[in-house]
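K.L.:
Predicted model and sequence follow; I will ask about them next.
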Amino acid sequence: MGLRIEIKTVPHSQQRYETVGDWFYGPDATWCFHISDMGNWRMEMAVAVHELVECALCRYAGISADEVDSFDMAYEATRTPDNYDEPGDDPRAPYHKQHCVATGVERIIVCMLGLSWKEYETTINSLQFGVGNG
């Protein structure tokens, strides 16, 4: 079977942990992406592109979804209230380089879809942290 990808918008409350974009492999090796519903398809697409790029680069580098999940969940468990960074921004993340490249692509997509990065971040932070900006 060839490559199979599923991108799904889900209510934020259905994410596996406090994130607006999550990737994992399904039982049939499908690349699965759950993107929080932001009420704006362009924002959801930007998150989806980030997750797709990050997933592909991690796979290429031999970084497993379990490694990413373990780091992310541990990071979230020890997050301080004033920290609005993404786990992948941390240089200790096993997928730090892959995350940074994905963020660069995401910024291009946000711009090309006519969005403001500041408004985009505000929307994400309001879902993840209940705050207006980070």
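P.N.:
Cool, the structure landed. As the structure is a computational prediction, the values presented were derived from the model and not from experiment.
K.L.:
Was I right to think residue 46 contacts residue 115?
P.N.:
Yes: taking Cβ atoms under 8 Å as the contact criterion, residue 46 and residue 115 are neighbours in contact, 7.0 Å apart. The way it works is simple: take the backbone N, C-alpha and C, and place the C-beta from them, glycine included.
K.L.:
out of the two, which sits in the busier spot?
P.N.:
Each of residue 46 and residue 115 had its neighbours counted (other Cβ atoms under 10 Å), and the higher figure belongs to residue 46 (27 against 17).
K.L.:
Contact partners for the more buried one?
P.N.:
106, 109-110, 113, 115, 120 (Cβ atoms under 8 Å, 6 or more residues apart in numbering).
K.L.:
biggest helix in this structure by residues?
P.N.:
Counting residues, the longest helix in the chain under DSSP state H turns out to be helix 41-61.
K.L.:
Which neighbouring elements make contact with the very next helix or strand once past that helix?
P.N.:
Downstream of helix 41-61, the next assigned helix or strand under DSSP states H and E is helix 65-77. In terms of contacts (3 or more Cβ pairs under 8 Å, 6 or more residues apart in numbering; DSSP states H and E), helix 65-77 is packed against strand 21-25, helix 41-61.
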